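# fold the following for me, if possible:
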Amino acid sequence: MNDSSWQPEPVPAGPAYDAQVGPHTRPMPIVPDAAGRDFDDREARDRGAAPDSGPLFRDETPPQEPMPSPPPPPSQVPQDASPPPQKKRAGRDLRAAIGVGVGLGAVIFASLFIVKAVFVGVIVVAVVVGLWELTSRLQEKKGIKAPLVPLAVGGAAMVIAGYVRGAEGAWVAMALTALAVLVWRMTEPPEDYLKDVTAGVFAAFYVPFLATFVAMLLTADDGPQRVVTFLLLTVVSDTGAYAVGWRFGKTKLAPRISPGKTREGLFGAVAFAMAAGALCMEFLIDDGSWWQGLLLGLAVAVSATLGDLGESMIKRDLGIKDMGTLLPGHGGIMDRLDSLLPTAPVVWLLLAAFVGTG
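Sure, this is the predicted structure:
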């Protein structure tokens, strides 16, 4: 019999069966597809191929659309896909900060070189406002009621006494102010008395007593030049720390207290302050020497940094960023006095040791 006379056997009724090809297996039928073409299922199975179109069996479901592949993990994302690094930006409005700084500088210099007593009044105003900011934040954030009235009156008396009677007058005024705080708080209920008077005595020492040394600098014959040296070195130290730290800062100085400060910034503060100190002692201070200015600048950089860290510690404890909003771009008065207050006694002491107090 030739191939053309071979006829396929009838396909049994029911679902199609899947027979394994073997020596005693009947040949699979040739089933025409929907387009009329023959497809040999047996050969297709031997080759492991699929039919051209349509399912192999009637009850077979058509293949599903492929699911979209999940995005690759971040570790496999090419480096080129990462966003470009952001530029460092200053945390404050520099234009406002510079404008306020220039205005304050003009007031200070005008009062210094016209009438000394006027500058003492500027110190008193700064002290009273600083005390108001500090006591207000203590009450708002901690419920501590440090009495403002005896602090303000005693603080003003402290500054004036330091200018008129020197260190002895400042210490007497400090003691009387602390006593006034203790007595004033007795007019209220005894609850939290110890906490309130402790905060009051701390405020009296921290703000007006340290500020008294600025007034004591003014009493010398070259008092205005000494005050200018004190202010200039402190500002230059802060500026050097900011500039160098912003550009090169990588290693944190005290991350738990002030995350923005770096060791590189501290080195910048020291370098800038020492250079400025040498110039000031050589050209502004009577009988001063450049090497004394180097030591003075080093001491100012350290004290200014510690003062800044000290107030940062207070503000972190209170949960605030600034002590006030009086000075745009700077915060409050206390945010500008933070490095000045602890630096004043350091400058007074070193100048007294180098060139005397006269």
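
# burial check on the closest residue to residue 221 other than its chain neighbours, number of neighbours?
The shortest distance from residue 221 to any non-neighbouring residue, by Cβ to Cβ, 6 or more residues apart in numbering, is to residue 358 (6.2 Å). (Each C-beta comes from the backbone N, C-alpha and C, glycine too.) Residues lying near residue 358 (other Cβ atoms under 10 Å) number 9.

# do you know how far residue 358 is from residue 157?
25 Å (Cβ to Cβ, to the nearest Å).

# cool, residue 295 as well?
Taking Cβ to Cβ, one finds residue 295 at 33 Å from residue 157.

# in terms of neighbours, single out the busier of the two.
Shown here are residue 295 and residue 157; by other Cβ under 10 Å, residue 157 has more neighbours (20 against 17).

# that one: which element?
For residue 157, the host element (DSSP states H and E) is helix 148-185.

# so after that helix, what's the next helix or strand?
That would be, after helix 148-185 and using DSSP H and E, helix 193-204.

# now do that following helix, average pLDDT.
Here helix 193-204 scores 97 as its mean pLDDT.

# what are the buried residues along that helix?
196-197, 199-204 (16 or more other Cβ atoms under 10 Å).

# can you check stretch 98-114 too?
Per 16+ other Cβ under 10 Å, stretch 98-114 contains these buried residues: 100, 104, 108, 111-112.

# do the same with stretch 304-321
Buried, per 16+ other Cβ under 10 Å, within stretch 304-321: 304-305, 307-312, 314-315, 318.

# now, those that are in strands?
If you go by DSSP state E, the buried residues of stretch 304-321 have nothing in strands.

# how about the strands in this protein?
Using DSSP E, strands in the chain cover 30-32, 38-40, 252-254, 258-262.

# so what strands line up beside the third one?
Strand partners for strand 252-254, identified by DSSP bridges, are recorded as strand 258-262 (antiparallel).

# next, the buried residues of the strand it pairs with.
For strand 258-262, by 16+ other Cβ under 10 Å, it's 258, 260-262.

# rebuild these as CSV, extending it with distance to residue 334.
Output for the buried residues of strand 258-262, formatted as CSV (distance: Cβ to Cβ, whole Å):
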residue, distance to residue 334
258, 15
260, 18
261, 18
262, 23
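
# quick one: residue 147 from residue 155, how far?
From residue 147 over to residue 155 (counting by Cβ to Cβ), the distance is 12 Å.

# neighbour count: these two, which is higher?
Comparing residue 147 with residue 155 by other Cβ under 10 Å, the one with more neighbours is residue 155, at 27 against 21.

# with residue 221 as the reference, measure out to the residue nearest to that one when sequence neighbours are not counted.
What sits nearest to residue 155 in space, not counting adjacent residues and going by Cβ to Cβ, 6+ apart, is residue 208, at 3.2 Å. When Cβ to Cβ is the yardstick, residue 208 and residue 221 sit 25 Å from each other.

# okay, the residue nearest to residue 221: pLDDT?
77.

# that one against residue 226, yeah?
No - using Cβ atoms under 8 Å, residue 358 is not in contact with residue 226, being 11.3 Å away.

# mutual contacts of the two, please.
residue 220 (Cβ atoms under 8 Å, 6 or more residues apart in numbering).

# any idea how far residue 179 is from the residue nearest the centre of the chain?
Centroid check for the chain by Cα atoms, centre = their mean gives residue 260 as the closest residue, at 4.5 Å. Separation of residue 260 from residue 179 (Cβ to Cβ): 40 Å.

# what's the answer for residue 248, then?
50 Å.

# please apply the same query to residue 190.
18 Å.

# could you do residue 144 as well?
In terms of Cβ to Cβ, residue 144 sits 19 Å off from residue 179.

# report pLDDT for residue 288.
93.

# quick revisit: wait, the residue nearest to the centre of the chain sits on residue 245?
Yes - using Cβ under 8 Å, residue 260 is in contact with residue 245, at 7.5 Å.

# with adjacent residues omitted, what lies nearest to residue 339?
Using Cβ to Cβ, 6+ apart, the closest residue to residue 339 is residue 304 (3.9 Å).

# residue contacts, the one you found?
234, 237-238, 269, 273, 339-340, 342-343.

# which of the residues you listed are buried?
Judged by 16+ other Cβ under 10 Å, buried ones among those: 234, 237-238, 269, 273, 339-340, 342-343.

# quick one, what contacts residue 139?
Residue 139 neighbours (Cβ under 8 Å, 6+ apart): 145-146.

# dihedrals phi and psi, residue 321?
Main-chain dihedrals, residue 321, degrees, to the nearest 10: phi -90, psi -40.

# quick check: nearest residue in space to it, chain neighbours excluded?
Nearest to residue 321 is residue 315, by Cβ to Cβ, 6+ apart, at 6.8 Å.

# separation between the one you found and residue 138?
11 Å.

# low-scoring stretches of the stretch 51-200 of the chain, by residue?
51-94, 96-97 (pLDDT under 70).

# 50 instead, please
51-60, 80-81, 90 (pLDDT under 50).

# show me where the chain has its helices.
41-47, 94-114, 116-142, 148-185, 193-204, 210-218, 223-248, 263-283, 290-318, 333-337, 340-355 (DSSP state H).

# packing partners of the fourth one?
Here helix 148-185 is seen to pack against helix 116-142, helix 193-204, helix 210-218 when contacts are counted using 3 or more Cβ pairs under 8 Å, 6 or more residues apart in numbering; DSSP states H and E.

# how far off helix 223-248 does that helix point, in degrees?
With axes from the mean of the first three to the mean of the last three Cα atoms, to 10 degrees applied, the angle from helix 148-185 to helix 223-248 works out at 100 degrees.

# appreciated, that's everything.
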